[in-house]
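1. Make a model of this:
(4 chains)
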Number of protein chains: 2
Amino acid sequence: MSAETLRPVESKSQQAYRFIRERIDDGRYVPGYRLVLGQIAKELDVSVVPVREAIRRLEAEGLVTFERNVGAQVALIKETEYLHTMQTLAVVEGAATALSAPYLTPADLERARDINERMRRTLDDFDPHRFTELNLEFHSVLFEECPNPHILDLVHRGWNRMRMLRDSSFSFVPGRARESVAEHEHIVELIEQGAEPLEIELAARRHRTATLDAMLAYQAAHKHPTPAPVAAR
Amino acid sequence: MSAETLRPVESKSQQAYRFIRERIDDGRYVPGYRLVLGQIAKELDVSVVPVREAIRRLEAEGLVTFERNVGAQVALIKETEYLHTMQTLAVVEGAATALSAPYLTPADLERARDINERMRRTLDDFDPHRFTELNLEFHSVLFEECPNPHILDLVHRGWNRMRMLRDSSFSFVPGRARESVAEHEHIVELIEQGAEPLEIELAARRHRTATLDAMLAYQAAHKHPTPAPVAAR
DNA sequence: GTATCTGAAATCATATACGATTTATCGAGT
DNA sequence: ACTCGATAAATCGTATATGATTTCAGATAC
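-> All right, here's what the predicted structure looks like:
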């Protein structure tokens, strides 16, 4: 049995899926970017068939839109779409955090605190990108032990959605970061004290809702002309 | 411009999707049913390529599992899977109902009451199938006005999931139906009184959680294989 | 009787080919 | 200069073909 045939390499459609997904996730393919089947196929040195399958999957996941006889592009996220995503995330992340709480060890909580501390340190000499990164890391610690894989999956999807907007105009609000760090500490304390699941859930939910509200207020105050006309194709 | 070419008929992959989806929904394809590409293609008189795409989509939606070089089958739902689905539905349906509440008209509430009344009448001379049908209808009235399409979509998916188990052993508990009807009335009253969103949400969630608990208790009492070690709530 | 092997049949995965549709280009007419 | 229309180019949608993998039935060995 030769070593090179032991592992049945991933299928080409899977390969195509990862290829595209990777690029959407890290921002190389921005919302609106056009996914030309033949072009991607050539880059991967496969035929268009597996690429189409990959795109169908991405479409079902909501990351890509695919119009008949026109083609696929990375899903554009309009402002209302974004608000809906945030609201959904508030709900499912709240639930995930509450369900996860009983399984968190003192070590987990310490880790969460540590991350939050690093976030606090980025407050002076502020780096939004770094802050966002740590923010996900912090929340991940809290919800990742959620024993319900469906809910956990929904949380991941929500965060991915938001990540696609990393560089968008409405992903950040100046004053909010400091409050955020304080709220993080509060959530950790609740979990530590073994608070009621519902209390934890609502705290986590409020944390996100507050971010959303802050963004809305900020935008209203700054009268953003248009929510950033995304570079298409 | 000839009449027959005016409408650009749905694509074949779309057609295949609907074909399969329909059959899963109405139970002709039960969980575990094997979806053979060539066979479905022949039935539809198309090639396998669009059928594959349809199956990829169904896979992403969780209705179908698709294993490399082995093929696709309607997703099997194990007991823990079912519990997770119910729990997720409890969360998202609660949120959807609360978000929907402000948009419900008196006519909507009347309709809900009417449906619930019909459910009550099926209690004597009990028909589980009919009851389940009305149950979805009732809840649909309450959550369908939810302005957040993401959350609404999650609710639909959850119900679809449950519908796939229509005939399964753990889809029904004898005593539960009567309580259910009473809880329905309570939820309608809350909405009618313009109760706090959170109160509505939790009432709707409890209603579903109670169903779940009843099922677990029933199974435990009847010594079903595994009593489900899942941490519900 | 059970286990293992072997070849055939079924089925999957993907490449290639080609017609259909959309989009872009460019010149004629106003 | 602008619109319109025709043509070309790009791209999509799907059928077909073929090699690869898995499954299964029957044969053989123990």
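
2. secondary structure element for A:Gly194?
-> Per DSSP states H and E, A:Gly194 falls between elements, in no helix or strand.

3. Can you tell me the closest non-neighbouring residue to the most centrally placed residue in chain A?
-> Centrality entry for chain A: nearest residue to the mean C-alpha point is A:Trp159, 1.9 Å, by CA atoms, centre = their mean. Spatially, and ignoring its direct neighbours in sequence, A:Trp159 is nearest to A:Leu136 (6.1 Å; CB to CB, 6 or more residues apart in numbering or on different chains). Just so you know, the C-beta spots here come from the backbone N, C-alpha and C atoms, and that holds for glycine as well.

4. just to revisit the earlier point, so the residue nearest to the centre of chain A is in contact with A:Met86, correct?
-> No: counting by CB atoms under 8 Å, A:Trp159 does not reach A:Met86; the two are 10.8 Å apart.

5. Tell me what angle whichever helix or strand A:Glu93 is part of forms with helix B:79-100.
-> A:Glu93 belongs to helix A:79-100 when elements are defined using DSSP H and E. Taking axes from the mean of the first three to the mean of the last three CA atoms, to 10 degrees, one finds helix A:79-100 and helix B:79-100 inclined to each other by 130 degrees.

6. If we go by neighbour counts, what in helix A:79-100 is buried?
-> A:79, A:81-82, A:84-100 (16 or more other CB atoms under 10 Å in any protein chain shown).

7. Please list all residues in contact with the residue of chain A found nearest chain B.
-> For chain A, the residue closest to chain B is A:Ala60, as judged by CB to the nearest CB, at 3.4 Å. The contact partners of A:Ala60, taken as CB atoms under 8 Å, 6 or more residues apart in numbering or on different chains, are B:56-57, B:60-61.

8. helices or strands up against the helix holding A:Glu93?
-> helix A:128-143, helix A:149-163, helix A:197-222, helix B:79-100, helix B:149-163 (3 or more CB pairs under 8 Å, 6 or more residues apart in numbering or on different chains; DSSP states H and E).

9. what's the helix or strand just after that helix packed up against?
-> Counting by DSSP H and E, the next helix or strand C-terminal to helix A:79-100 is helix A:106-121. With contacts defined as 3+ CB pairs under 8 Å, 6+ apart, the packing partners of helix A:106-121 are helix A:128-143, helix A:176-192.

10. of those, which approaches DNA strand D most closely?
-> Ranking the helices and strands packed on helix A:106-121 by proximity to DNA strand D (CB to the nearest atom of the strand) places helix A:128-143 first, at 31.8 Å.

11. Show me which positions of the least confident helix or strand in chain A by mean pLDDT end up buried.
-> The helix or strand of chain A with the poorest confidence is helix A:197-222; it has a mean of 89 (mean pLDDT, DSSP states H and E). Across helix A:197-222, burial judged by 16+ other CB under 10 Å covers A:197, A:200-209, A:211-212, A:214-215, A:218.

12. Mind giving me the packing neighbours of it?
-> By 3+ CB pairs under 8 Å, 6+ apart, helix A:197-222 packs against helix A:79-100, helix A:176-192.

13. so which of these gets nearest A:Arg111?
-> Set against A:Arg111 and scored by CB to CB, those come closest in helix A:176-192, at 10.2 Å.

14. which ones are touching A:Ser13?
-> A:49-51, A:53-54, B:56.

15. In helices, which of those appear?
-> Those of the contacts of A:Ser13 mapping onto helices are A:49-51, A:53-54, B:56, per DSSP state H.

16. JSON lines for the residues you listed, including neighbour count?
-> As requested, the ones in helices among the contacts of A:Ser13 are exported to JSON lines (neighbours: other CB atoms under 10 Å in any protein chain shown):
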{"residue": "A:Val49", "neighbour count": "17"}
{"residue": "A:Pro50", "neighbour count": "20"}
{"residue": "A:Val51", "neighbour count": "28"}
{"residue": "A:Glu53", "neighbour count": "24"}
{"residue": "A:Ala54", "neighbour count": "29"}
{"residue": "B:Arg56", "neighbour count": "26"}
